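Visitor: sequence? don't have it. structure:
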């Protein structure tokens, strides 16, 4: 899905919330306008207003220009409803004056909604991608391979809220845990605070468990190969 499509879908979701908060009730979405069997346009929503009137609602990811005002007005008139546009505001004075003249109601999204509509999805996507990279680094990079003697310390770091609590649980000093903590903090995930350090410790425990299972499987294969060789 392209950036423009994602941006529009996010704006549409926010528009529904804004309408509902203002007393509108969305009754239909993506309503096609058909004239003599030919589809000529589509409106994003049909909504009942707090005044009992029915509105043909257009959602704009950007600002409303003169052409957008005309489109909203014509589509609403064909459907027999009142025109309403949810957008960032007007592109210029001409659009504002035409909307006033034609009776096109406009709801302008506040800054908090603009951020939510256009940026939040991209921020979350970028953060999720970074976390995935951090996880793969801990699982695949040999620089993060824990020693068998590290397992109990990793369990404590994964389960306790702070390094101090982990050290107390193990009966050692914080200084004794520091080399392992520093190894973990070479990953970006562990540098995100206490939760990141715990997550990194858990991932290394998973890695150690997987590697142990692989080693067990390899030994089993070796024994099987020797058995088959002796039988041959």
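Guide: Nice, I can see it. Model, not experiment: these values are computed from the prediction.
Visitor: mind listing the strands for the protein?
Guide: Assigned by DSSP state E, the strands in the chain fall at 25-35, 38-48, 54-59, 82-87, 105-108.
Visitor: quick one, which of the ones you listed is nearest to residue 128?
Guide: strand 54-59 (26.1 Å; C-beta to C-beta). Quick note: C-beta positions are derived from backbone N, CA and C, even for glycine.
Visitor: tell me the average confidence for the closest one?
Guide: The average pLDDT within strand 54-59 is 94.
Visitor: Check which helices and strands it sits against.
Guide: The contact analysis (3 or more C-beta pairs under 8 Å, 6 or more residues apart in numbering; DSSP states H and E) places strand 54-59 against helix 3-21, strand 38-48, helix 66-79, strand 82-87.
Visitor: Pick the most deeply packed of these.
Guide: Highest mean neighbour count among the helices and strands packed on strand 54-59 (mean count of other C-beta atoms under 10 Å): strand 82-87, with a mean of 24.
Visitor: Quickly run through the sheet partners of it, with directions.
Guide: Strand 82-87 has the following sheet partners, assigned by DSSP bridges: strand 54-59 (parallel), strand 105-108 (parallel).
Visitor: That one to helix 66-79, inter-axis angle?
Guide: Going by axes from the mean of the first three to the mean of the last three C-alpha atoms, to 10 degrees, strand 82-87 is angled at 140 degrees with respect to helix 66-79.
Visitor: right, and residue 22 touches residue 47 too?
Guide: No: taking contacts as C-beta atoms under 8 Å, residue 22 lies outside contact range of residue 47: 9.9 Å.
Visitor: Neighbours of residue 196, how many?
Guide: Residue 196 has 18 neighbours, counted by other C-beta atoms under 10 Å.
Visitor: got a list of what it touches?
Guide: Residue 196 makes contact with 189-190 under the criterion C-beta atoms under 8 Å, 6 or more residues apart in numbering.
Visitor: gap between it and residue 26?
Guide: Applying C-beta to C-beta, to the nearest Å, the value for residue 196 to residue 26 is 41 Å.
Visitor: Let me see the domain layout of the chain.
Guide: Annotated domains of the chain cover 3-118, 125-231 [automatic domain parsing].
Visitor: okay, the ones you listed, which one's buried deepest?
Guide: Greatest burial across the domains of the chain, using mean count of other C-beta under 10 Å, falls to domain 3-118, with a mean of 17.
Visitor: gap between that domain and the chain center?
Guide: 25 Å (C-alpha atoms, centre = their mean, to the nearest Å).
Visitor: again with stretch 147-154
Guide: Computed by C-alpha atoms, centre = their mean, the chain-centroid distance of stretch 147-154 equals 35 Å.
Visitor: Could you tell me which ranges of this protein sit under the pLDDT cut-off?
Guide: By pLDDT under 70, the low-scoring segments of the chain are 1-11, 110-124, 232.
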